[in-house]
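Q: Give the three-dimensional model of this entry:
(2 chains)
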Amino acid sequence: MKPAVGDNIPEWVMESVSAERMRTMAAILRDPNPIHWDREAVAALPLGLGRRTINQGPLGLGYMVNMLHAWAGPGSIRRMVTRFPQVVLDGEQVVSRGIIRALREEYGEQLADCDIWLEHAERGILLEGSATVVIAAGGLAKGD
Amino acid sequence: MADRRNVPPREQIEALAGHRFAGGEYTVAHWENFLLTECTGATLMPDGMVHPIVLFHLPIVGAGTSITDMFALGQAESDLSIMIESYDWEFLAPLREEQAYRVEGSIQSSERCHTDSDDIYDRIQFRFEIFSADRSPVARSIITWHYTRGML
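A: Numbers count the residues shown, from 1 in each chain, chains lettered A, B, ... in the order given. Have a look, this model is predicted:
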């Protein structure tokens, strides 16, 4: 499929953000922050988040990576800039979405500059940013 | 108003700019890539390519530092006091399992900031460069964190 500016990237859904996966991530990253593995630590914060652990930033970013890979293929990402306006909590369903903002060629590669974001049905945009991906000669997975 | 008794002097924060980490090497093991990829809900990428989220910890550990050390450098009040502003990741070539990468890292900028409600935080930006064995640039990571002061 030939891409065009304004095309939506097919969404990628994480059905339920997992506290167990956060613990695995914390161990691999040697991340000492208890917000990722201790629900009581989160409950004690004056943020009103309840007894739910907070997803690591790179994990939420990873959901957007997965969307881009499903669309443009593994290894297609050239750059991602991600900001974190809201936290992602265990048990939440989140959806990665994106849209093509520009198409250009650089060093012989066809590139798509995209806006990307991670969304929760009630809380809105949790992560947001931009990505540049390579459009392979064979095209892309179909969007809407 | 937040408690400002334990806020580090502005000069100490600004002096962090230019700090260089020791540098070193890092190899992403297969088990590590497998677990990280599974944590994102994806399946392994082909040809030994690693999931891009390795670009968080590979540079940190490879540069000879750690999340704990980075918190301490900015005199974080606690592990809970760090907020992420952004991660800026650039991929110049595929990263693969079981290959050693050379990493260099530094603090690109460090500054005292104020929120609209006059709370203090320190904005520290870390820059890491990843190179292949033949010294070709492979990837770059810029981490920008806010070290909140008396806000939590």
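
Q: What residue, apart from its backbone neighbours, is nearest the residue of chain A found nearest chain B spatially?
A: Residue nearest to chain B within chain A (C-beta to the nearest C-beta): A:G62, separated by 3.5 Å. (C-beta placed from N, C-alpha, C; glycine too.) Closest residue to A:G62 apart from its sequence neighbours, by C-beta to C-beta, 6 or more residues apart in numbering or on different chains: B:T40 at 3.5 Å.

Q: Can you name the residues of chain A that neighbour chain B?
A: Counting by C-beta under 8 Å from any C-beta of the partner chain, chain A comes close to chain B at A:14, A:18, A:21-22, A:24-25, A:28-35, A:41, A:45-46, A:57-59, A:61-63, A:65-66, A:69, A:74-75, A:77-84, A:129.

Q: Tell me the buried residues within those residues.
A: Among those, those scoring as buried are A:14, A:18, A:21-22, A:24-25, A:28-29, A:31, A:33-35, A:41, A:57-59, A:61-63, A:65-66, A:69, A:74-75, A:77-84, A:129 (criterion: 16 or more other C-beta atoms under 10 Å in any protein chain shown).

Q: What about A:Q93, how many residues nearby?
A: Other residues near A:Q93 come to 12 when the count uses other C-beta atoms under 10 Å in any protein chain shown.

Q: what's the answer for A:I100, then?
A: The local packing of A:I100 (other C-beta under 10 Å) involves 20 other residues.

Q: What are the phi and psi values at it?
A: phi -80, psi 130 (degrees, to the nearest 10).

Q: likewise B:F21?
A: Phi and psi for B:F21, reported as degrees, to the nearest 10, are phi -80, psi 160.

Q: Report the contact partners of it.
A: Applying C-beta atoms under 8 Å, 6 or more residues apart in numbering or on different chains to B:F21 gives the contacts B:63-65, B:104-106.

Q: Which of these are buried, as a PyMOL select command?
A: Buried residues within the contacts of B:F21, by 16+ other C-beta under 10 Å, are selected in PyMOL with:
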select buried, chain B and resi 63+64+65+104+105+106
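
Q: Surely the residue nearest to A:G62 is in contact with A:Y63?
A: Yes. The pair B:T40 / A:Y63 is scored as a contact, 6.5 Å apart, by C-beta atoms under 8 Å.

Q: ok, so of the contacts of B:F21, who is nearest chain A?
A: When the contacts of B:F21 are compared against chain A (criterion: C-beta to the nearest C-beta), the nearest one is B:T65, at 11.0 Å.

Q: any idea how far the closest residue to the closest one other than its chain neighbours is from chain A?
A: If the residues on either side of it in the chain are set aside, B:T65 comes closest to B:F21, at 4.8 Å by C-beta to C-beta, 6+ apart. Using C-beta to the nearest C-beta, to the nearest Å, B:F21 is found at 16 Å from chain A.

Q: Give me the buried positions along the helix or strand bottoming out on mean pLDDT in chain A.
A: The weakest-scoring helix or strand in chain A, judged by mean pLDDT, DSSP states H and E, is helix A:39-43 (a mean of 92). Across helix A:39-43, burial judged by 16+ other C-beta under 10 Å covers A:39, A:41-42.

Q: pLDDT at the residue nearest to B:V28 when sequence neighbours are not counted, what is it?
A: Closest residue to B:V28 apart from its sequence neighbours, by C-beta to C-beta, 6+ apart: B:V50 at 5.0 Å. On the pLDDT scale, B:V50 is placed at 98.

Q: residue boundaries of the helices in chain A?
A: All helices of chain A, identified by DSSP state H, fall at A:19-29, A:39-43, A:57-72.

Q: ok now do the residue nearest the centre of chain A, which residues does it touch?
A: Chain A has A:M64 as the residue nearest its centroid, 2.7 Å off, counting by C-alpha atoms, centre = their mean. By C-beta under 8 Å, 6+ apart, the contact set of A:M64 is A:12, A:80, A:82, A:96, A:98, A:116-118, A:127, A:129, A:131.

Q: Which residue is the nearest non-sequential neighbour of residue 58?
A: The chain I'm using is chain A. B:F56 (4.0 Å).

Q: meant chain B actually
A: Nearest to B:L58 is B:Y26, by C-beta to C-beta, 6+ apart, at 5.1 Å.

Q: starting at the chain centroid, how far to the one helix or strand that neighbour maps to?
A: Element membership for B:Y26 (DSSP states H and E) is strand B:24-27. Put simply, strand B:24-27 sits 15 Å off its chain's centre (C-alpha atoms, centre = their mean, to the nearest Å).
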